[in-house]
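sequence and predicted structure below; questions after.
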Amino acid sequence: MSLAQLDNYTKGVKAHNNGLFYQAIEYYSSALKENPRHVPAHINLSSSLFHVGEITEAQLVMSDILKPYPFSISANFNIGMLLKKE
């Protein structure tokens with residue numbers, strides 16, 4: 001993980017924790033452009049999307065990370081929670 005990716009991911013976490021979900025989405029998206037397989041960024045991006053009412057997009061983000069990591073406990077739990085909200 002590069003410093004730029006960590007920086008964007010960390011900024012995303014801070015924005016998310018402060019309820020700035022649209023800003024968090026931008027930071028997580030930037031981190032994922034550099035490393036599309038960063039599982040925590042996918043999970044947090046999905047959560048931020050959920051908080052702004054983008055349920056379908058949140059599900060797509062989680063589905064994308066389950067392709068390379070089908071046994072990720074966190075990703076499977078989160079997709080289950082999103083599907084339950086449908």
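All right, it came through fine.

how about stretch 58-71: buried residues?
Under the neighbour-count criterion of 16 or more other CB atoms under 10 Å, stretch 58-71 has 58, 59, 61, 62, 64, 65, 66 buried. In this view, the C-beta of every residue, glycine as well, is placed from N, C-alpha and C.

pLDDT on it, on average?
The average pLDDT for stretch 58-71 rounds to 88.

list of residues touching that stretch?
With CB atoms under 8 Å, 6 or more residues apart in numbering as the test, stretch 58-71 has contacts from 36-37, 39, 42-43, 45-47, 49-50, 72, 75-76, 78-79, 82-83.

what about 7 Å?
With contact meaning CB atoms under 7 Å, 6 or more residues apart in numbering, stretch 58-71 is reached by 37, 39, 42, 45-46, 49-50, 72, 75-76, 78-79, 82-83.

on that earlier part again, give me the subset of the buried residues of stretch 58-71 lying in helices.
Residues of the buried residues of stretch 58-71 located in helices (DSSP state H): 58, 59, 61, 62, 64, 65, 66.

how many neighbours does residue 56 have?
11 (other CB atoms under 10 Å).

of the contacts of stretch 58-71, buried ones?
42, 45, 46, 49, 50, 72, 75, 78, 79, 82.

residue nearest the centroid of the chain?
residue 45 (2.3 Å; CA atoms, centre = their mean).

got a pLDDT number for that residue?
97.

who's in contact with the host helix or strand of residue 80?
Assigned by DSSP states H and E, residue 80 belongs to helix 73-84. Helix 73-84 is contacted by residues 39, 42-43, 46, 50, 55, 58-59, 62-63, 65-66, 69 when judged by CB under 7 Å, 6+ apart.
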